[in-house]
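Asks: Just the structure for this:
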Amino acid sequence: MKYGSKPYNVAIIHGGPGAPGEMAPLAQELSGDFGIIEPLQIANTIEGQLQELHNILVKHGNPPVYLIGHSWGAWLVYIYAALYPALVKKIILISSGPFEEKDSRNIMQTRLNRLTNKEKSELSAIQKELSDPFAGNKSKLFKQFAELLSKADSFDPLTSESCIIEYQPDIFQSIWNEASKLRKSGKLIGFGKRIKCPVVAIHGDYDPHPAEGVKIPLSETLDKFKFILLKKCGHYPWNEKNAFNEFYKILRKEIK
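Replies: As a prediction, the model looks like this:
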């Protein structure tokens, strides 16, 4: 998807994995100032998603580009910047997952603590169905799963509606299996040693993904790193009543 007009110097990468379309609000908001590309990625391997992103940027972008990644997308642009340093001007990591295994242990418990008993039971039942290889309509189940997590991940959301075009549980499972192993091995944070461009991380203080799990490892690994913490803000800064204005102000400042 393209927004605004040429040159397309900014690419906004969705998370999930398997949540194409979630970044449409950002792309629309920024398109008055910048040419925006929003890749809708469908590859079910990390290598495949990196190649998809590369092909899109080379064909439609105007490198070196600004890469903005949300959640899983933050990890993807981090890896991409290490592999293709000449094509990247800056990367902006929004609500990234923690870069070291030790900082990920309490994420789900934090989410569960924010749900009602009924919602916890629903989440557990959905997880069980999703793990059943014979369960039908997994896209619908994954949507319900994502909506419950989104509630737990948000401080005071503007809307409960999602812009995700299609929920892709198979892509989520396949990519996440790879990504979790990459983090556990230490290879994920290790990509930072090859990153040449400036890196900015924007994180909400209510995000169940711990801010220190992003700030500390990246501060110790990267030469050009800035960390910005948004108050009263969860995992989706553009959809937070108390943070979205400051969030967009920061983005515009960082994309020069």
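Asks: ranges for the strands of the stretch 101-250 of the chain?
Replies: For the stretch 101-250 of the chain, applying DSSP state E, counting those that start in this stretch gives strands covering 199-204, 225-230.
Asks: and the first one, which strands flank it?
Replies: Applying DSSP bridges to the sheet, strand 199-204 is found paired with strand 88-94 (parallel), strand 225-230 (parallel).
Asks: Report the rounded mean pLDDT for it.
Replies: What strand 199-204 shows for mean pLDDT is 98.
Asks: which residues does the closest residue to residue 100 other than its chain neighbours contact?
Replies: Spatial nearest neighbour of residue 100, chain neighbours left out: residue 217 (5.5 Å); criterion: CB to CB, 6 or more residues apart in numbering. No exception for glycine: its C-beta is placed from N, CA and C like everyone else's. Applying CB atoms under 8 Å, 6 or more residues apart in numbering to residue 217 gives the contacts 98-100, 103, 189.
Asks: distance of residue 107 from residue 98?
Replies: Residue 107 sits 8 Å away from residue 98, going by CB to CB, to the nearest Å.
Asks: which neighbours do those two share?
Replies: Contact criterion CB under 8 Å, 6+ apart; residues shared by residue 107 and residue 98: 209-210.
Asks: In the chain, where is pLDDT below threshold?
Replies: Nowhere does the chain drop to pLDDT under 70.
Asks: can you give me the helices in it?
Replies: Remark: helices assigned in the chain by DSSP state H are 24-30, 46-60, 72-83, 107-113, 117-130, 138-153, 169-185, 187-190, 212-221, 244-254.
Asks: Buried residues, the last one. List them.
Replies: Burial within helix 244-254, assessed by neighbour count using 16 or more other CB atoms under 10 Å, is assigned to 244, 246-247, 250-251, 254.
Asks: now, which of the residues you listed sits nearest residue 10?
Replies: Residue 10 has its nearest neighbour among the buried residues of helix 244-254 in residue 251, at 9.3 Å by CB to CB.
Asks: For residue 143, see how far away the closest one is.
Replies: Separation of residue 251 from residue 143 (CB to CB): 27 Å.
Asks: Test my guess that residue 46 contacts residue 180.
Replies: No - here residue 46 does not reach residue 180: they are 11.1 Å apart, not a contact under CB atoms under 8 Å.
Asks: Of those two, which one has the most company?
Replies: Between residue 46 and residue 180, residue 46 has the larger neighbour count (other CB atoms under 10 Å), namely 19 against 14.
Asks: Next, the contact list for that one, please.
Replies: Here residue 46 is in contact with 76, 79, 175, 178-179, 182 (CB under 8 Å, 6+ apart).
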